[in-house]
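Student: quick one, structure for this:
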Amino acid sequence: MSFNTKLPNYSLFRWQSLYFCSLIHFALQQTKIKKLSLIQFRNYTSSVYEFGAPVTCITGANGSGKTNLLDAVYYLCYTKSYLSAYQQHSVQMGTDGFRITGKFENDGTDEVISCKWKAAKKEVFRNDVAYEKFTDHIGRFSAVMIAPDDTELINGGSEPRRRWVDSILSQIDATYLEKLMVYQRILLQRNAWLKMQAFKPNPVYAELDYYNAQLSDCGTYIHGKRKIFLDSFLPLLNDFYHQLSGGKELVQVTYDSDLESKPLQIWLHDTLEHDLRLQRTLRGTHKDDWAFFISGMVLKQFGSQGQKKSFLFAMKLAQYAYLSKALGHLPILLLDDIFEKLDQSRMESLLRIICGAEFGQVILSDTHPERIRQAFGEMADVGFIFL
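Tutor: Here you go, the predicted structure:
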């Protein structure tokens, strides 16, 4: 079943989004990184960088480590890499660990965040005090990354879209993050039970009942929050898409979830025979997906490259605006080599947006510093880090 957001007229979207942005602009603090120290992180042996200007351009030849520097900032905000799910991929070749330290300004106060990984053990410190749970750090510092590989949000399968929505909601709702982690753990346990019981003539169902109850509780909460998110997010998405594309096309999003038709507890009961046969859980919020449309056209199948680029950037800018209001501060915007991907019109539209009052610190990478100087002109004070 699908949860379809109706396609309203553009004026309503525009009004809602402008009102939303006016709330963002009112007295919001910024998350800023002022200094970054890297030890054995990817291609960096030992390096220190400072960020003084509102816009910082990291420039250098391909392979010099521009993307890795952006990833280090992202890592400090979320205790994980944007580029890889495997911690060892962030370790400099030939070494056994890394350390990243950043001096942040958050709500007018300087704080030092440090992430250390060595011998398969990760530690995260805030002002030299170790976190007992990494989840306590999520939402305290925020960043939004836009990178070339983000096209999988449109062209890929459902998993990257779920991860993207979950990454947003986990920052603003600690209960959502807790329910999501429990759901993922119980799902693995239920699937293991299905594998063990599949060929037994008389399975023991008491354990399964526990798994079903846990999945139902967590899945119901997750589903509800995802629906609410879409209602608030869609006006922002439409407004940013309009600004970037310069057109009058409207964006529509459908949220496809099993829980739209009946409760998860009933699904788990009704599909048990099928689950046992295939040895995995076939219904639940782990199968949720979002489909994107432009003026009624399926974007993934029929959208042009220009429409997809505008849609992707609109998604990330809307994510930024949504987090700004929900968290009460402006995140750091990280732009990785995006000017190679945009035509002149979209680049100019993007620059007008990110240089506005609703956006805070911007860190970007590019191979051509002169292009950045010309692009920003007098719109923003740009500092440079040369690699």
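
Student: can you give me the helices in the stretch 1-150 of the chain?
Tutor: Using DSSP state H, counting those that start in this stretch, the helices found in the stretch 1-150 of the chain span residues 10-25, 66-78.

Student: mean pLDDT lowest where, among those?
Tutor: Per-stretch mean pLDDT for the helices of the stretch 1-150 of the chain is lowest at helix 10-25 (a mean of 41).

Student: so how far is L264 from D110?
Tutor: The gap separating D110 from L264 is 45 Å, by Cβ to Cβ, to the nearest Å. All C-beta spots, glycine's among them, are computed from the backbone N, C-alpha and C.

Student: neighbour count: these two, which is higher?
Tutor: L264 (23 against 12; other Cβ atoms under 10 Å).

Student: contacting residues for the residue of the chain most remote from its centre?
Tutor: Ranked by distance from the centre of the chain (Cα atoms, centre = their mean), the top residue is P201, with 44.8 Å. P201 makes contact with no residue under the criterion Cβ atoms under 8 Å, 6 or more residues apart in numbering.

Student: state the distance from it to L276.
Tutor: From P201 across to L276, the span is 12 Å (Cβ to Cβ).

Student: strands of the stretch 251-387 of the chain, start to end?
Tutor: For the stretch 251-387 of the chain, applying DSSP state E, counting those that start in this stretch gives strands covering 251-256, 289-294, 297-298, 329-330, 332-336, 362-366, 382-386.

Student: next, format these as CSV and append mean pLDDT and distance to T271.
Tutor: Formatted as CSV, the strands of the stretch 251-387 of the chain follow (pLDDT from 0 to 100; distance: least, Cβ to Cβ, whole Å):
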stretch, mean pLDDT, distance to T271
strand 251-256, 96, 17
strand 289-294, 97, 18
strand 297-298, 96, 28
strand 329-330, 94, 43
strand 332-336, 97, 41
strand 362-366, 96, 47
strand 382-386, 96, 54
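
Student: so for Q197, which of the ones you listed sits nearest?
Tutor: Checking the strands of the stretch 251-387 of the chain against Q197 by Cβ to Cβ gives strand 289-294 as the closest, at 28.5 Å.

Student: partner strands of that closest one and their direction?
Tutor: strand 251-256 (antiparallel), strand 297-298 (antiparallel) (DSSP bridges).

Student: which residue comes closest to M347 once chain neighbours are left out?
Tutor: Distances taken as Cβ to Cβ, 6 or more residues apart in numbering put F339 closest to M347, at 6.0 Å, once the chain neighbours are dropped.

Student: report the contact partners of the one you found.
Tutor: Counting by Cβ under 8 Å, 6+ apart, F339 touches M347, D366, R371, I372, A375.

Student: correct me, but I372 touches V382?
Tutor: Yes. I372 lies in contact with V382 (Cβ atoms under 8 Å); the separation is 6.2 Å.

Student: joint contacts of the two?
Tutor: In terms of Cβ under 8 Å, 6+ apart, I372 and V382 are both contacted by the residues C57.

Student: for the helix or strand that contains L237, buried residues please.
Tutor: Counting by DSSP states H and E, the element that carries L237 is helix 206-245. Going by neighbour count (16 or more other Cβ atoms under 10 Å), the buried part of helix 206-245 is 208, 211-212, 214-223, 225-226, 229-230, 233-245.

Student: number of nearby residues for S158?
Tutor: 14.

Student: that one and T285 touch, don't they?
Tutor: No. Under the criterion of Cβ under 8 Å, S158 makes no contact with T285, lying 11.1 Å away.

Student: and the spatially closest residue to V73 that is not a sequence neighbour, how close does it get to L244?
Tutor: Nearest non-adjacent residue to V73, counting by Cβ to Cβ, 6+ apart: I33, 5.7 Å away. Distance, I33 to L244, by Cβ to Cβ: 26 Å.
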